[in-house]
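# I'll drop the sequence and a predicted model, then ask my questions.
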Amino acid sequence: EWTPDAFVETTIAELQAKLGNDKVVLALSGGVDSSVAAILLHKAIGKNLHCIFVDNGLLRKGEYESVLEQYKHLGLNIKGVDAKERFLSQLAKVKDPELKRKAIGRVFIEVFDDEAHEVQDVKWLAQGTIYPDVIESVSVKGPSATIKSHHNVGGLPDFMKLKVVEPLNTLFKDEVRRVGKSLGLEHFIIGRHPFPGPGLAIRILGEVTAEKVAILQEADAIYIDNLKEAGLYDKVWQAGAIFLPVQSVGVMGDERTYENVICLRAVESVDGMTADWCHLPYNVLAKISNEIINKVKGINRVVYDISSKPPATIEWE
Ligand code: XMP
């Protein structure tokens, strides 16, 4: 019978045998998978694991800072890289979802490659790939493992010549969470909703600008904080706000407004392959809507997505 404790024990032994005294680089995303992979590797090889956490400017509000802090607290050998401008400039005027993904993947590889070069004699690239990513790599949108999905963009970067180690590639998400728990990871990390590699860029329909990112971050933070406050965050598989490229008429005081629309999405799912929209309580939705419209400048309307997957997808792009 599979148990997380036994998995941790055998995997650490296997990693030690496989990696010896070699150096390993790993891109941390703030998500469950890469975090659990990092802790396992850290237990196995300690300071020979070099973690890189890139701020692409497309993360949730305050996430980069709080997650980096958390990782440092866990004792990981980690370097945070502020690459916000690099990503945003490459996204200018890009409207097509797949082109956005490609641009983000390309910049990520450039940034990661630069950083991996800083690690002398590195031999391995570690990834938090889980079993569904292996299956999903044949699906339409491509794999969720950010690095792999983009390895066909031009010449092979140097870190791609590294040997690959994927300690979680036989596990499903719930198993990864159980392993994380067995490793002592806090709920703050293991209980996190999945978040796509391209981040808020695929939740801003059409062109991404710094201004839209800032608006979406505020609205999304209000949404997520309210779900937590209402005790609903852990009951929802994934939730997030989406910035719609539509303006609608509203009224604020005696002023007519003409501003953007925020859509709220929350789904129940097991693995993201299929999903049902969550029947969130009306009073919670009402509070979130009021708060967003009152506090977030540039938004005068909030709508709720009641589409299931299939035929809709979880993300809008
Ligand atoms: P969809 O929108 O295809 O999403 O129903 C299924 C799950 O995959 C995530 N997702 C991505 N993750 N890179 C990622 O790392 C991507 O390009 C990407 N697109 C979708 C999505 O958040 C959901 O959990």
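Good, I have the coordinates.
# okay, CA-based contacts and neighbour counts for the rest of this
OK.
# any idea which residue sits dead centre in this structure?
Phe195 (3.2 Å; C-alpha atoms, centre = their mean).
# contacting residues for the spatially closest residue to it that is not a sequence neighbour?
Take Phe195 and drop its neighbours on the chain: the residue closest to it by C-alpha to C-alpha, 6 or more residues apart in numbering is Gly31, 7.0 Å away. Neighbouring residues of Gly31 by C-alpha atoms under 8 Å, 6 or more residues apart in numbering: Ile189, Ile190, Arg192, Pro194, Phe195.
# the first one belongs to a helix?
Just to be clear, that refers to Ile189. Yes: judged by DSSP: H, G, I helix; E, B strand; the rest coil, Ile189 forms part of a helix.
# residue contacts, it?
Neighbouring residues of Ile189 by C-alpha under 8 Å, 6+ apart: Gly30, Gly31, Val32, Ser35.
# could you check the distance from it over to Val251?
As for Ile189, its distance to Val251 is 40 Å (criterion: C-alpha to C-alpha, to the nearest Å).
# got it, and the last one?
Spatial separation of Phe195 from Val251 under the definition C-alpha to C-alpha is 34 Å.
# could you grab the helix/strand/coil label for the residue nearest to the centre of the chain?
With three-state DSSP as the criterion, Phe195 reads coil.
# got a pLDDT number for it?
Note on Phe195: pLDDT of 95.
# ramachandran angles for it?
phi -140, psi 130 (degrees, to the nearest 10).
# so what's the residue count around Ile299?
Using other C-alpha atoms under 10 Å, Ile299 has 23 other residues around it.
# how about the contacts made by the residue nearest to it when sequence neighbours are not counted?
Distances taken as C-alpha to C-alpha, 6+ apart place Asn260 nearest to Ile299, at 4.9 Å, with adjacent residues excluded. Asn260 sits next to Phe243, Leu244, Pro245, Val246, Gln247, Ser248, Gly298, Ile299, Asn300, Arg301 when contact means C-alpha under 8 Å, 6+ apart.
# state whether the fourth one is indeed within a strand.
Yes: assigned with three-state DSSP, Val246 falls within a strand.
# hmm, Val261 and it touching each other?
Yes: between Val246 and Val261 there is a contact under C-alpha atoms under 8 Å: 6.3 Å.
# quick one: which of these two has more around it?
Neighbour totals were compared for Val246 and Val261, and Val261 leads with 20 against 11 (other C-alpha under 10 Å).
# next, the more buried one: secondary structure please.
From three-state DSSP, the assignment for Val261 is strand.
# what pairs with it across the strands?
For Val261, the beta-bridge partners are Leu244, Arg301 (DSSP bridges).
# tell me the most packed of the contacts of Asn260, by neighbour count.
Among the contacts of Asn260, the one with the most neighbours (other C-alpha under 10 Å) is Phe243, at 28 neighbours.
# these two touch, right, it and Glu207?
No: the criterion here is C-alpha under 8 Å, and Phe243 misses it with Glu207 at 10.6 Å.
# where does this protein have low pLDDT?
Residue ranges of the chain with pLDDT under 70: 136-157.
# quick one: contacts of the helix or strand hosting Ile52?
If you go by DSSP states H and E, Ile52 is part of strand 49-55. For strand 49-55, contacts defined as C-alpha under 8 Å, 6+ apart pick out 23-30, 38, 41-42, 64, 68, 76-84, 108, 111-112, 115, 119.
# just the buried ones from those residues?
23-30, 38, 41-42, 64, 68, 76-80, 108, 111-112, 115 (16 or more other C-alpha atoms under 10 Å).
# tell me the strands in the chain, going along the chain?
23-28, 49-55, 78-82, 122-126, 163-165, 238-252, 255-269, 275-277, 299-304 (DSSP state E).
# and the last one, what other elements does it pack with?
The reference is to strand 299-304. Applying 3 or more C-alpha pairs under 8 Å, 6 or more residues apart in numbering; DSSP states H and E, one finds that strand 299-304 makes contact with strand 238-252, strand 255-269, helix 282-295.
# among these, which is nearest the ligand?
strand 238-252 (6.8 Å; C-alpha to the nearest ligand atom).
# show me how the record splits the chain into domains.
Here the domain assignment for the chain is 4-190, 209-304, based on automatic domain parsing.
# where do the helices sit along the stretch 1-150 of the chain?
4-19, 32-45, 63-73, 84-91, 97-117, 131-136, 146-149 (DSSP state H, counting those that start in this stretch).
# between those, which one is closest to Ile224.
Nearest to Ile224, of all the helices of the stretch 1-150 of the chain, is helix 63-73, at 12.3 Å by C-alpha to C-alpha.
# show me what counts as buried in the closest one.
Applying 16+ other C-alpha under 10 Å to helix 63-73 flags Tyr64, Val67, Leu68, Gln70, Tyr71 as buried.
# just curious, which of these is nearest to the ligand?
Proximity of those to the ligand (C-alpha to the nearest ligand atom) peaks at Tyr64, which lies at 16.6 Å.
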